[in-house]
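[1] Sequence first, then the predicted structure:
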Amino acid sequence: MSTIPLTHTGVPAPAGRQRALLIEYSMPLAYAVLFAVLAATVDNFFSVANVVGLMLSVAQIGMVACTMMLCLASRDFDLSVGSTIAFAGVLGAMVLERTGSVTLAVGAGLGAGALIGAGNGVLIAYLRVNALIATLATMLMVRGLAFIASQGQAVGINSDAFIAFGDAQVFGLPLPVLVAGACFLIFGVLLNHTVFGRNTLAIGGNPEAARLAGVKVEKLRVWIFLLQGLVTALAGLILASRITSGQPNAAQGFELDVISACVLGGVSLQGGKARIFGVLIGVLIMGTVENVMNLLNVDSFYQYLVRGSILLAAVLLDQLKARGERRT
């Protein structure tokens with residue numbers, strides 16, 4: 001745990017306060033500067049249509065980042081979120097095609113996501129399978145199920161009611177943006193103002209100490225992954241409604257964007273540390289960079305290079321912060 005130098009009166013020293021404030025607000029300040037520079041130099045970046053489009057483009061990443069934050073804070077992670085998005089979208093589209101019921105389609109997609117998440121949690125918490133191996137295996141199996149169920153083809157959606165999930169606007173904002181905002185609000189409260197959130201940080205900081213304090217570590221980890229699967233499936237259903245089809249190859253590489261956003265936002269890969277506002281900033285940074293590259297017509301091959309560089313920078317930043325905290 002980091003410490004701030006104190007004066008002889010016990011008040012934090014000025015240098016320590018300044019350093020702490022700089023670390024605390026470095027990413028929001030950096031994003032504010034980046035946004036101002038881009039607004040002044042890139043044509044159409046600050047237009048209403050582009051800003052709304054930017055928020056819409058990061059809505060699914062933002063939703064999943066809220067629950068990925070909990071996974072990382074508890075010293076776990078989930079590589080299966082991209083496959084879960086694809087499978088939930090395909091399953092929802094197939095149920096809708098066969099029954100015509102939006103309620104059943106949404107219920108099937110959410111139920112599948114919850115089962116996938118709970119399965120990951122059981123593998124990791126109770127069977128002691130490494131999170132990397134467990135979620136990598138789940139990623140491959142769920143993606144395979146999406147292709148098998150759809151026979152490798154996109155499943156079309158013709159229901160206006162279902163399409164409204166991704167197309168409707170409320171108060172001038174697309175519904176997916178409002179859903180993402182609600183996720184940030186709900187999981188922010190969950191993290192900062194509930195026993196669930198405090199225990200999540202506790203098991204990430206020191207799982208054995210948390211267990212001795214009476215926290216049911218295994219049960220909590222299963223619940224975290226269940227929430228991860230549920231919210232990821234919701235993101236998959238919204239994506240399917242936006243593109244009017246369930247695509248078995250959707251959201252490939254999605255998990256890396258989500259993890260990058262979380263780490264950029266100050267969520268430690270070593271667990272025990274997370275801030276919902278930081279995750280929001282990380283999501284906006286990822287979306288803004290991609291948005292600007294599209295506005296500047298940067299080739300998609302170079303975009304992969306930039307996204308990989310951001311992921312590497314985020315991990316290095318996390319390591320540097322951890323070393324700095326150990327030294328102090």
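    Yes, it's here. Residues are numbered from 1 along each chain as shown.

[2] Residues touching stretch 166-177, excluding its own?
    Stretch 166-177 has contacts (Cβ atoms under 8 Å, 6 or more residues apart in numbering) with 52, 55-56, 59-60, 164-165, 178, 238-243. (Each C-beta comes from the backbone N, C-alpha and C, glycine too.)

[3] Can you name the next helix or strand after the strand or helix carrying Gly188?
    Per DSSP states H and E, Gly188 falls inside helix 175-193. Where DSSP H and E defines the elements, the next helix or strand beyond helix 175-193 is helix 195-205.

[4] tell me the pLDDT at the closest residue to Val58 other than its chain neighbours?
    Nearest non-adjacent residue to Val58, counting by Cβ to Cβ, 6 or more residues apart in numbering: Gly287, 3.4 Å away. On the pLDDT scale, Gly287 is placed at 93.

[5] for the one 10 residues further on, same thing?
    We note a pLDDT of 92 for Asn297 in this prediction.

[6] element containing Ala146?
    Secondary-structure assignment from DSSP H and E places Ala146 in helix 131-150.

[7] Just the buried residues of that helix, please?
    By neighbour count on 16 or more other Cβ atoms under 10 Å, the buried set for helix 131-150 is 131, 134-135, 138-139, 142-143, 145-146, 149-150.

[8] before we move on, what about stretch 284-291?
    Using 16+ other Cβ under 10 Å as the test for burial, stretch 284-291 gives 284-291.

[9] In TSV: those residues, plus secondary structure and distance to Leu269.
    Formatted as TSV, the buried residues of stretch 284-291 follow (DSSP: H, G, I helix; E, B strand; the rest coil; distance: Cβ to Cβ, whole Å):
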residue	secondary structure	distance to Leu269
Leu284	helix	20
Ile285	helix	17
Met286	helix	17
Gly287	helix	21
Thr288	helix	23
Val289	helix	21
Glu290	helix	22
Asn291	helix	26
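
[10] which one among the residues you listed gets closest to Gly121?
    When those are compared for distance to Gly121 (Cβ to Cβ), Met286 comes out closest, at 26.2 Å.

[11] Backbone dihedrals for the residue lying closest to the closest one once chain neighbours are set aside, please?
    Nearest non-adjacent residue to Met286, counting by Cβ to Cβ, 6+ apart: Ala261, 4.8 Å away. Dihedral pair for Ala261: phi -60, psi -40, per degrees, to the nearest 10.

[12] do Val170 as well
    phi -130, psi 120.

[13] Okay, and the residue minimising distance to the centre of the chain sits in which element?
    Nearest to the geometric centre of the chain sits Ala65, at 1.4 Å (Cα atoms, centre = their mean). Secondary structure from DSSP H and E places Ala65 in helix 59-73.

[14] centre of the chain versus that helix, how much separation?
    Its chain's C-alpha centre and that of helix 59-73 lie 3 Å apart, by Cα atoms, centre = their mean, to the nearest Å.

[15] State the next helix or strand along the chain beyond it.
    Using DSSP H and E, the next helix or strand after helix 59-73 towards the C-terminus is helix 81-99.

[16] Among the buried residues of stretch 284-291, find me the one that's closest to Leu70.
    Set against Leu70, the nearest of these by Cβ to Cβ is Met286 (18.7 Å).

[17] Whichever strand or helix holds Leu220 packs against which elements?
    Counting by DSSP H and E, the element that carries Leu220 is helix 217-243. The elements that helix 217-243 packs onto, with contact taken as 3 or more Cβ pairs under 8 Å, 6 or more residues apart in numbering; DSSP states H and E, are helix 59-73, helix 81-99, helix 102-125, helix 160-167, helix 175-193, helix 195-205, helix 207-212.

[18] Poorly predicted segments of this protein, please.
    Scanning the chain for pLDDT under 70 picks out 1-24, 322, 324-328.

[19] rerun that using 80 as the cut-off
    Applying pLDDT under 80 to the chain picks out residues 1-26, 314-315, 317-328.

[20] what comes into contact with stretch 215-226?
    With Cβ under 8 Å, 6+ apart as the test, stretch 215-226 has contacts from 67, 70-71, 74, 76, 78, 114, 117-118, 120-122, 124-126, 196, 199-200, 202-203, 207, 210-211.

[21] give me that answer again for 7 Å
    70-71, 74, 76, 78, 114, 117-118, 120-122, 124-126, 199-200, 202-203, 207, 210-211 (Cβ atoms under 7 Å, 6 or more residues apart in numbering).
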